[in-house]
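In: please find the sequence and the predicted model below.
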Amino acid sequence: MFVRVKNVQANGRRYQYLQVVENFRDGARVRQRILGNLGRLDELLASGDLERVIAQLVEQCPGVRVLRAEQAGTLVVSSDRSWGPVLVFDRLWEELGLKGLLAPLGRGLDFDFERMIFAQVLQRFCEPGSDLRGSKWIDTVHEPAFAHLRLEHFYRSLGRLWRHKERIEVALYERGRDLFNGDLELAFFDTTSTYFEGRSLKGWAKLGKSKDHRPDHLQLVVGVVMRRDGLPVACEIWPGNTADVTTLVPIVRSLKRRFAIGRVVLVCDRGMVSAANLLALEEAGFQYIVGMKMRNLVEVRDEVLGRAGRYHEVSENLRVKEVRVDERRYVVCFNPDEAAKDRADRQATLEKIELKLAKGGLKQLINNRGYKRYLAVQRGSAAIDPARVRQDARYDGKYVLRTTTELPADEVALAYKHLTWIERLWRDLKDVVELRPIFHWQKRDNVKGHIFVCFLSLYLAALLKRKLAQADLKLPWDEIIRDLSALRAVSVALGGEAYLLRSPLQGSAGKILAALGIKPPPLAQPVSR
């Protein structure tokens, strides 16, 4: 809607009329319709009616009234809260069907279970930390339903959330199939560890190999299955001393039992590989693409890497060749850039060894695995062994995959490269939603519920990144949260009336809202009491 000046020729003279009009679409064309005629412009100006009409219109416009009051210093501000993250993540929350799914699960509780879980998910993005910290943070967010949530609700909601974990995961998987038309043809699996701060669940949390480099803390092992498009599917939790190689079979059984999936190829790293695991995958009817250890497995070291054959170029930094040993199919991958880096790193190591040998540092060399593999040691002396150096050079820039699929070798290699998404997933899990450290220690289900909250946060983060990528927006995560958090909701009072003001969009906030199809709220709007 806008004001238009209409020029009219009559009796040899030109007149100007003020009209209120609006655009509307008529098929493929945009037309205009007149909503009202204000009169001839010269007569309105001569009589002063134009100023009176404008003043009366202004009085009906909350935005202008509030702006004038702000300039005059007569506004009374009652609150100033963050609004942008709620607008964005609540839209994704609803799109995934989580609002409708979680609301019935809170029956019998004296608080809004669905809003409580959403608040905890949102906290992972904006103010990660303990529940006590979260219970104070929700007072800084513009979401009216948060006003009724208390610290005790944080605690009481987690156990119930965990008890419905499998139902929620299946619902998200089915929703993802509907929204993105993607079946679970390729499933990527990896694990990480997360530690506890302070007291923890002894007998369940264990000391183990820490991927956080905190071997002094009790920990848990967390595994996540992810789809080809980067969206998580399911998460599982094990005691902290669980070896990676023992987590694969439970995951396979869980996928088979819970998800209505047909053909699926499981992709995982070499840390998951054992003869028992590969057999379990085959018995479950899953095909696989797995990374293999090159130095310790005789068949890979001697038969696969020793087999002659030409590499096929897949991309600038990826070449592949296929090797079959009996019924087993391998794909050898070669990265020229990584090979050059491996050669340079080895040469630098050899130079350090020569320097230390010249200084008599034999004991230091023998006790260092990185140095020792190049040395021939005899009767208290050592020297660089050229045969060992040549043997090490065979691995430069290479990695070996084993697969039961009949996919072309280049597709096998590219599928395995998707595991870098899992690595990015772990960075997001620990850095974006700050999974670690865990502060819950009183109840086991609370700990599991906290981890599942992080999983839900991760799902929303992956979905947001997907939508931004579709809009050709590549934004750092900290910039996304910063610009969204700068979108504020300010509650003010003017003349006995309450108004809600929206701060101007800053940075990338407008582009993010547009990518999700969210129309920014009005700059000012009255609030009914």
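Out: Thanks, I have the structure now.

In: immediately after the helix or strand of the chain with the lowest mean pLDDT, which helix or strand?
Out: None of the helices or strands of the chain scores lower by mean pLDDT, DSSP states H and E than helix 419-427, at a mean of 63. Sequence-wise, the next helix or strand downstream of helix 419-427 (DSSP states H and E) is helix 444-470.

In: that following helix: which residues count as buried?
Out: Within helix 444-470, the residues that qualify as buried by neighbour count (16 or more other C-beta atoms under 10 Å) are 444-465, 467-468. Backbone N, C-alpha and C define where each C-beta goes, glycine included.

In: and if you look at stretch 95-102?
Out: Here stretch 95-102 shows 95-96, 98, 101-102 as buried, counting by 16+ other C-beta under 10 Å.

In: from these, which land in helices?
Out: In this view, these that belong to helices under DSSP state H are 95, 98, 101-102.

In: any chance of JSON lines for the residues you listed, columns pLDDT and distance to Gly309?
Out: Below are these laid out as JSON lines (pLDDT from 0 to 100; distance: C-beta to C-beta, whole Å):
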{"residue": "Glu95", "pLDDT": "94", "distance to Gly309": "49"}
{"residue": "Leu98", "pLDDT": "96", "distance to Gly309": "51"}
{"residue": "Leu101", "pLDDT": "95", "distance to Gly309": "52"}
{"residue": "Leu102", "pLDDT": "96", "distance to Gly309": "55"}
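
In: check those residues and tell me the two furthest apart.
Out: Glu95 and Leu102 (14.1 Å; C-beta to C-beta).

In: what about Cys333, how many neighbours?
Out: 24 (other C-beta atoms under 10 Å).

In: name the helix or strand for it, please.
Out: Secondary structure assignment for Cys333, by DSSP H and E: strand 328-334.

In: excluding its backbone neighbours, what's nearest Leu414?
Out: Spatially, and ignoring its direct neighbours in sequence, Leu414 is nearest to Val314 (6.9 Å; C-beta to C-beta, 6 or more residues apart in numbering).

In: what residues of the one helix or strand the one you found maps to count as buried?
Out: Assigned by DSSP H and E, Val314 falls within strand 312-315. Under the neighbour-count criterion of 16+ other C-beta under 10 Å, strand 312-315 has Val314 buried.

In: each with direction, which strands does it pair with?
Out: strand 318-325 (antiparallel) (DSSP bridges).

In: which is the succeeding secondary structure element to the helix or strand harbouring Val492?
Out: In this assignment (DSSP H and E), Val492 forms part of strand 488-494. Elements were assigned by DSSP H and E; along the chain past strand 488-494, the next helix or strand is strand 497-502.

In: so what touches that following strand?
Out: 62, 66, 78, 83, 487-493, 520-527, 529 (C-beta atoms under 8 Å, 6 or more residues apart in numbering).

In: can you check stretch 406-420 too?
Out: 186, 188, 190, 228, 265, 267-269, 289, 291, 312, 314, 318, 320-322, 331, 333, 401, 403, 405.

In: pull out the buried positions in that stretch.
Out: 407, 409-410, 412-416, 418-419.

In: now swap in stretch 147-163 and tell me
Out: Within stretch 147-163, the residues scored as buried using 16+ other C-beta under 10 Å are 149, 153-158, 160-162.

In: restricted to strands, list these.
Out: Among the buried residues of stretch 147-163, DSSP state E puts none in strands.

In: closest one of those to Phe113?
Out: Ser157 (5.9 Å).

In: which residues sit against the helix or strand just after the strand holding Cys333?
Out: Remark: after strand 328-334, the chain's next helix or strand is helix 336-358, criterion DSSP H and E. Applying C-beta under 8 Å, 6+ apart, the contact partners of helix 336-358 are 317, 319, 364-365, 370-371, 374-375, 382-384, 389, 392-393, 395-398.

In: change it to 7 Å
Out: Identification of contacts with helix 336-358 by C-beta atoms under 7 Å, 6 or more residues apart in numbering yields 317, 364-365, 370-371, 374, 382, 384, 392, 396-397.
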